[in-house]
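Chemist: Below are the sequence and a predicted model for it; my questions follow.
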Amino acid sequence: MQKLFKPLLLIAVVLFLFACNQQPQQVPVAEAQTESKKQIAAMLDSFNVAAANASFDTYFNFFTNDATFNGTDATENWDKAAFQTWAQPYFDKKQTWNFKTLKRNIYFGPHADIAWFEELLQTQMKICRGSGVVVKQNNQWKVQQYVLSTTVPNTVLDSVISLKAAEEDSLMGMLKK
């Protein structure tokens, strides 16, 4: 019996140490990303509804405090406070935008609390592209950066370039200085 005791004790100690060294069970990455994608999609949908309903506080609470917004005009590159100042009159007059998602993609890198998205939107400007970066803060997804772009079909691109050339040539001259 004593001959068996030492090997059994050694096995028990090794098993105990191995069990203590185990990491807690983690949710598989794909499963966690699927849940995060659902949360981000719901947040972006609510974000668009808040704008359509002219709910100023609700809409801007979807942004991080240090968020940036890039609009369709090359001069529209605002921090959150500047974007709020620009948007306030539109929200006050209930003349905001109503974007409906046509197609959306959400992506993750190695950090589970950072994602980026791009989506096609039905808007008063026809199809636009919304894209940006979202971050998880205090267990909520928030917009860190938002970029709104108009889409231009390749078949009419030359005409659009002609229409904007003089104004943007002037702007490019100022930006190069």
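Modeler: Ah, there it is. Numbering: from 1, shown residues only.
Chemist: contacts for the helix ranked longest in the chain?
Modeler: Ranked by number of residues, the top helix in the chain under DSSP state H is helix 29-52. Contacting residues not belonging to helix 29-52 are listed as 58-59, 62, 96-101, 104, 106, 108, 112, 115, 117, 119, 121, 134, 136, 140-143 [CB atoms under 8 Å, 6 or more residues apart in numbering]. Where C-beta positions appear, they are placed from N, C-alpha and C, glycine not excepted.
Chemist: And the next helix or strand past it?
Modeler: Downstream of helix 29-52, the first helix or strand assigned by DSSP states H and E is helix 56-61.
Chemist: right, and the helix or strand after that next one?
Modeler: Following helix 56-61 toward the C-terminus (DSSP H and E): strand 63-70.
Chemist: Strands of the protein, start to end?
Modeler: Remark: strands assigned in the chain by DSSP state E are 63-70, 77-79, 100-108, 114-123, 126-137, 140-150.
Chemist: who wins for proximity to Ala166 among those strands?
Modeler: Closest to Ala166 of the strands of the chain is strand 140-150 (CB to CB; 18.3 Å).
Chemist: what comes up buried for the closest one?
Modeler: 141-148 (16 or more other CB atoms under 10 Å).
Chemist: Repeat that for stretch 59-71.
Modeler: Quick answer for stretch 59-71 (16+ other CB under 10 Å): 59-60, 62-63, 67-71.
Chemist: Check whether Val160 really touches Asn154, as I assumed.
Modeler: No. Under the criterion of CB atoms under 8 Å, Val160 makes no contact with Asn154, lying 10.3 Å away.
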